[in-house]
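Engineer: mind looking at a prediction? Sequence and model below.
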Number of protein chains: 4
Amino acid sequence: MRNKRNSAKDIIIDTASRLFYKQGYHSTGITQIIAEADTVKATFYQHFPSKDALGEAYLRKRHAEWLGDLEAYLARYEKPAEKLLGIFEFLAQWLVQEEFRGCAFLNITSEFPDAAHPIRGQVKAHKHTMQGYVQGLVAQMTLPEGKNKEVIARSIYLLAEGAIVESQVHGDAWPVATAKEAVKMLLS
Amino acid sequence: MRNKRNSAKDIIIDTASRLFYKQGYHSTGITQIIAEADTVKATFYQHFPSKDALGEAYLRKRHAEWLGDLEAYLARYEKPAEKLLGIFEFLAQWLVQEEFRGCAFLNITSEFPDAAHPIRGQVKAHKHTMQGYVQGLVAQMTLPEGKNKEVIARSIYLLAEGAIVESQVHGDAWPVATAKEAVKMLLS
Amino acid sequence: MRNKRNSAKDIIIDTASRLFYKQGYHSTGITQIIAEADTVKATFYQHFPSKDALGEAYLRKRHAEWLGDLEAYLARYEKPAEKLLGIFEFLAQWLVQEEFRGCAFLNITSEFPDAAHPIRGQVKAHKHTMQGYVQGLVAQMTLPEGKNKEVIARSIYLLAEGAIVESQVHGDAWPVATAKEAVKMLLS
Amino acid sequence: MRNKRNSAKDIIIDTASRLFYKQGYHSTGITQIIAEADTVKATFYQHFPSKDALGEAYLRKRHAEWLGDLEAYLARYEKPAEKLLGIFEFLAQWLVQEEFRGCAFLNITSEFPDAAHPIRGQVKAHKHTMQGYVQGLVAQMTLPEGKNKEVIARSIYLLAEGAIVESQVHGDAWPVATAKEAVKMLLS
DNA sequence: CATGAATGAGGGTTCATTCAT
DNA sequence: GATGAATGAACCCTCATTCAT
């Protein structure tokens, strides 16, 4: 008997999250999701009006978890500069995990060409949050004269994003290490 | 009768290139490709053993074209520093084009989770070439003392990659402009 | 709190009546009915053992209403001959109504091939009543010598039925006008 | 091995015709059709873009057959008056057949509420042809003075239509016999 | 060599109904 | 007695690929 915390809906989201990230959105069928979630199609559609709605739930969950993990990791640091560099340490320990497959949000972006699709809206929102997070840290810092804080913050964000996708592409950690070095240069 | 340059095979590749980039790989069916290429299924399978083989041909073509376009653009510059910044000018004029949908290679990466897949190999090769191109330019430059050329080159590459994906995500050109500014900082 | 006249059951029947007539029986799902009736599935199944049972309730209601409307319309006439022709006037004003979709009973007959089904029984009963109504009017008349009252009455009934279905098919009122003319001929 | 005359497409149409007429359109699934036609779904969709397209093919076939059967039956008569009454003899021998389920065109009309649907267009066309056929016969006759040929022809058509549906409803042949009598009255 | 027909597996979605609470 | 969750079967349709001609 399932309790509230292990309701069919939650199990479906968890299963879908794993499979969407691992296999991609379009390559993952409802059939597989419900099979691995040990339920049936009609039950699935009782909780989600469509596959895309499940996709949105997946991104919501992923956003919350990822941001939570990042902030939990950075809690060990106090100074904004440390936290900024800590982001890349966080990325470094993430991408060596066996299941690493790049950024869930960038991956799904590739599968939704229509920029007006709700899924794309969620991606935009997630990335906007990340960018704001970096910007918030930079804002607390004292930078050398002549440095434009907004450009610096955005550059760090771009380096992080580039590091994630290139780690995925090359199957190697060097992009994150390189990005961290670049950030140091930009901040000094 | 079709000549070599307009052979059925070429038309198929051209059609597939357009559709794969516009709609994504899995969202584009063989049926649509052969329909828009004005041919039939069996003719298709005579030229390509599988859809994936067509995918590889697509990437080969895209690689040659993109690199050719880039080099053609940068021909206006002579100094390596100018060429480096020119890369971002090239990106800027690219992403305002109506059909811009991000990087074809990164997009298809999202659709092929298995890093050992031949398609992923082509992506890796393409990105390796791009990275080498940047590195070659940096190698020709005289950088301020203490600057590590390899790190600089890789950072520029990462900024370019990050700029492309973020332009796609946000539907805005700021990432390219920002990346260009960051490159200037890194080089000075 | 709902009173008897607006009980959940009545609302369900009303909603179903509207949808069954408008969309057809099989094309109308329980889901839509309970949604538009602003109730839930279990409540529905408390009042009706099955969808077919609701279908029967729909026909019962429709029968009562239609007959009531007809008799109310014909109340303006006294002589049986006037009433007979009045039937076609009644049909004429009915089929120009926006929601006209033919005879509810004939429509549902098409969706229930099994003549032994209870729904088909209700259709039969309804039509039997209509036929009897016509027969009753003819019985009160004095017809020219040699006219067989039963054949006349049945013919008028067939003309009415044919007029309804053909108005539906052609989306035009001419069948009713023509039928009325035919009735005049048959009666003279 | 199938020859042209027994191609998969023809078998599908034949099977669907039988099932659509017997069970109704919406109650007959593609799955059942292809199963009884001994083929698979993809083959079906190679020949028909949709179920509705098959529905149209069904009506085309039915129209040709029905009209052909009627004309073949009436070939035994020469005079238009005989042919007119012969129509009802044709109906009489039709509706006693075991598989009689009413008029295929009127039945499917009930299942397609949208009068603008192509299927409805085919129904309209079929009925228009039938009406024209009757009108053509009446046109060749010499009617008693004062009889309006158009009204007579249309009335006969309405009687035929009414007779078909009422035979279906009541499961009895009397409507056709009655209609024939009414036609005699109208023509004399 | 070219081609239309055929294929099995799976796509996402909805059906009327029942069950546990 | 009222309700949200669950169910198995079926819905129409498309996938990449192959085969007979």
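Structural biologist: Looks like it arrived, so ask away.
Engineer: and the helix or strand harbouring residue A:68, what does it pack onto?
Structural biologist: For residue A:68, the host element (DSSP states H and E) is helix A:51-74. Helix A:51-74 sits against helix A:8-23, helix A:80-95, helix A:104-111, helix A:118-139, with contacts defined as 3 or more Cβ pairs under 8 Å, 6 or more residues apart in numbering or on different chains; DSSP states H and E. Placement of C-beta: from N, CA and C, glycine included.
Engineer: could you say which of those is packed most deeply?
Structural biologist: Stretch with highest mean neighbour count among the helices and strands packed on helix A:51-74: helix A:104-111 (a mean of 24; mean count of other Cβ atoms under 10 Å in any protein chain shown).
Engineer: so it versus helix A:8-23, what angle?
Structural biologist: On the basis of axes from the mean of the first three to the mean of the last three Cα atoms, to 10 degrees, helix A:104-111 is oriented at 70 degrees to helix A:8-23.
Engineer: that older thread, quick one: mean pLDDT for the helix holding residue A:68?
Structural biologist: Averaged over helix A:51-74, pLDDT sits at 96.
Engineer: in that helix, what's buried?
Structural biologist: A:51, A:54-59, A:61-63, A:66, A:70, A:73-74 (16 or more other Cβ atoms under 10 Å in any protein chain shown).
Engineer: kindly indicate which of those residues lies nearest DNA strand E.
Structural biologist: residue A:51 (3.7 Å; Cβ to the nearest atom of the strand).
Engineer: so the closest one touches residue A:30, yeah?
Structural biologist: Yes: under the criterion of Cβ atoms under 8 Å, residue A:51 makes contact with residue A:30 at 5.8 Å.
Engineer: quick one, domains of chain A?
Structural biologist: A:1-48, A:52-187 (automatic domain parsing).
Engineer: where does pLDDT dip in chain A?
Structural biologist: A:1-6 (pLDDT under 70).
Engineer: hang on, the earlier thing: now the helix holding residue A:68: how far from the chain's centre is it?
Structural biologist: Between the centre of helix A:51-74 and the centre of its host chain there is 7 Å, according to Cα atoms, centre = their mean, to the nearest Å.
Engineer: and that helix, does that touch DNA strand E?
Structural biologist: Yes: judged by Cβ under 7 Å from any atom of the strand, helix A:51-74 and DNA strand E are in contact via A:51-52.
Engineer: close enough to count as contact, residue A:159 and residue B:157?
Structural biologist: No: judged on Cβ under 8 Å, residue A:159 makes no contact with residue B:157 at a distance of 10.7 Å.
Engineer: quick check: the gap between residue A:114 and residue B:170.
Structural biologist: 15 Å (Cβ to Cβ, to the nearest Å).
Engineer: more neighbours, these two?
Structural biologist: More neighbours surround residue B:170 than the other of residue A:114 and residue B:170, with 16 against 9 (other Cβ atoms under 10 Å in any protein chain shown).
Engineer: contacts only, for the more buried one.
Structural biologist: A:124, A:127-128 (Cβ atoms under 8 Å, 6 or more residues apart in numbering or on different chains).
Engineer: swap in residue A:54?
Structural biologist: A:12-13, A:16, A:33, A:44, A:48.
Engineer: please list the residues of chain A that sit near DNA strand E.
Structural biologist: A:1, A:26, A:28-32, A:41-42, A:44-45, A:49-52.
Engineer: quick one: which helix or strand includes the residue of chain A at minimum distance from DNA strand F?
Structural biologist: Closest residue of chain A to DNA strand F, Cβ to the nearest atom of the strand: residue A:42 (2.4 Å). In this structure, residue A:42 sits in helix A:41-47 according to DSSP H and E.
Engineer: mind listing what's buried in that helix?
Structural biologist: A:44, A:47.
Engineer: of residue A:159 and residue B:157, who's got more company?
Structural biologist: Higher neighbour count among residue A:159 and residue B:157: residue A:159, with 29 against 23, using other Cβ under 10 Å.
Engineer: how about that one, nearest residue that isn't a chain neighbour?
Structural biologist: What sits nearest to residue A:159 in space, not counting adjacent residues and going by Cβ to Cβ, 6 or more residues apart in numbering or on different chains, is residue A:179, at 4.1 Å.
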